[in-house]
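Colleague: Okay, predicted coordinates and the sequence, questions at the end:
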Amino acid sequence: MAYISFQPSDYFNTKIFTGNGSTQSITGVGFQPDWVWIKNRDHANHNVFFDAVRGGSKVIYANLTNAEATASGVTAFDSDGFTLGNDSDTNRNTNSHASWNWKANGAGSSNTDGSITSTVSASTTSGVSVVKWTGSGGNATIGHGLGAVPKMIIVKSLANTTSWMVYHSAIGNNSEIYLNGTNVAAGSSTAWQDTNPTSSVFYVAGGAGDGVNASGDYIAYCFAEKKGFSKFGKYNGAGTTTGQFVYTAFKPAFVMTKIATTGGSDTGGWVIMDNKSYPNNLSNSPVLFADGNYAQSDSYNGEMFSNGFRFNANSVTVNGSGNSYIYMAFSEHPLVASNGVPATAR
């Protein structure tokens with residue numbers, strides 16, 4: 001029996017392109033993306049997010065606390081990709097850039113499931129939604145449109161200089177972790193009201209310190225797990241040069257990991273592998289970092305297989321002894337596809 005009845009590349013795809021320092025249309029994504037994340041692979045440029053709910057040229061930086069800005073990055077979302085302006089973070093001349101692209105449901109529509117009305121672009125097929133709302137300054141619920149319980153939620157204030165707050169089911173509803181930071185999960189957080197999200201809403205607390213529902217607009221990227229397409233979980237570091245194998249039940253197209261808990265004082269950033277930067281099953285696959293503006297590195301010895309991934313470096317960032325790590329992963333090919341063809345190793 002097939003795990004999913006759709007092709008993963010219809011809802012997530014990595015596109016590698018070369019900047020020209022001017023304007024250009026990037027094609028070959030395979031769909032009109034509703035969330036585009038771009039990182040320069042060769043140069044110390046920022047991680048930049050654009051989405052169809054906020055509209056073209058509205059940028060937020062994954063590795064910074066900055067409020068939303070206007071930039072000539074992704075200026076339009078096209079039927080097979082996106083259009084770029086001359087912004088150096090997205091289109092630096094001669095540099096190679098990675099773009100990670102998700103399909104949701106266009107510019108979004110009003111959602112009244114929560115105590116605050118939100119604008120939601122959601123794909124119940126792939127379990128991905130982009131959610132925008134105006135913070136009330138108090139406790140509230142926000143509709144996410146997924147029709148399933150989110151396993152991971154990434155939130156940023158668009159109006160305020162605050163950290164990116166991440167909910168991950170593997171660390172629970174009383175912990176928070178920051179997309180723009182290297183710290184491990186902070187316990188006893190009230191950001192999520194100590195309450196798990198439901199199939200219709202997630203819970204947010206007021207106050208500027210929580211970064212999830214003070215005054216001003218917010219954006220959230222929400223993910224429900226879909227067998228054969230996405231996986232959100234936790235693994236334990238081995239502290240050896242042969243890492244812990246993480247089973248996903250699909251050939252990964254994208255993997256992002258973060259040290260979450262530690263037996264000591266270890267910290268480490270968000271590490272990203274993808275199948276286009278890394279087309280072969282090499283022992284020194286290049287990685288990028290969500291929390292920093294660093295160029296691509298091959299220092300963590302990552303591997304992606306037909307059914308999972310691992311890191312073979314004895315590093316606190318990805319594989320330290322006594323540490324646990326959270327991850328999000330999206331599929332290139334399910335272990336069993338709708339056409340009955342199994343995933344094969346690289």
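Modeller: That came through, no problem.
Colleague: Show me which positions of stretch 54-69 end up buried.
Modeller: Of the residues in stretch 54-69, 54, 56-65, 67-68 count as buried by neighbour count, 16 or more other Cβ atoms under 10 Å. Where you see a C-beta, it was placed from the backbone N, CA and C, and this is true even at glycine.
Colleague: Adding distance to residue 107, secondary structure and pLDDT, write those residues out as JSON lines.
Modeller: Rendered in JSON lines, the data for the buried residues of stretch 54-69 read as follows (distance: Cβ to Cβ, whole Å; DSSP: H, G, I helix; E, B strand; the rest coil; pLDDT from 0 to 100):
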{"residue": "54", "distance to residue 107": "9", "secondary structure": "coil", "pLDDT": "98"}
{"residue": "56", "distance to residue 107": "11", "secondary structure": "coil", "pLDDT": "96"}
{"residue": "57", "distance to residue 107": "14", "secondary structure": "coil", "pLDDT": "97"}
{"residue": "58", "distance to residue 107": "12", "secondary structure": "strand", "pLDDT": "98"}
{"residue": "59", "distance to residue 107": "17", "secondary structure": "strand", "pLDDT": "98"}
{"residue": "60", "distance to residue 107": "17", "secondary structure": "strand", "pLDDT": "98"}
{"residue": "61", "distance to residue 107": "22", "secondary structure": "strand", "pLDDT": "98"}
{"residue": "62", "distance to residue 107": "22", "secondary structure": "coil", "pLDDT": "98"}
{"residue": "63", "distance to residue 107": "26", "secondary structure": "coil", "pLDDT": "98"}
{"residue": "64", "distance to residue 107": "25", "secondary structure": "coil", "pLDDT": "97"}
{"residue": "65", "distance to residue 107": "26", "secondary structure": "coil", "pLDDT": "96"}
{"residue": "67", "distance to residue 107": "21", "secondary structure": "coil", "pLDDT": "97"}
{"residue": "68", "distance to residue 107": "16", "secondary structure": "coil", "pLDDT": "98"}
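Colleague: out of the residues you listed, which one sits closest to residue 235?
Modeller: Distances from residue 235 to the buried residues of stretch 54-69, taken as Cβ to Cβ, are shortest for residue 62 (22.5 Å).
Colleague: contacting residues around the closest one?
Modeller: Taking Cβ atoms under 8 Å, 6 or more residues apart in numbering, we find residue 62 in contact with 37, 46, 47, 48, 49, 164, 179, 180, 290, 291.
Colleague: before we move on, back to that, out of the buried residues of stretch 54-69, who's nearest residue 268?
Modeller: The closest of the buried residues of stretch 54-69 to residue 268 turns out to be residue 63 (Cβ to Cβ; 14.2 Å).
Colleague: Walk me through the domains of this structure.
Modeller: Following automatic domain parsing, the chain resolves into domains at 8-102, 109-224, 230-334.
Colleague: which stretches of the stretch 1-150 of the chain aren't confidently modelled?
Modeller: Scanning the stretch 1-150 of the chain for pLDDT under 70 picks out 1-2.
Colleague: again, only using 90
Modeller: 1-5 (pLDDT under 90).
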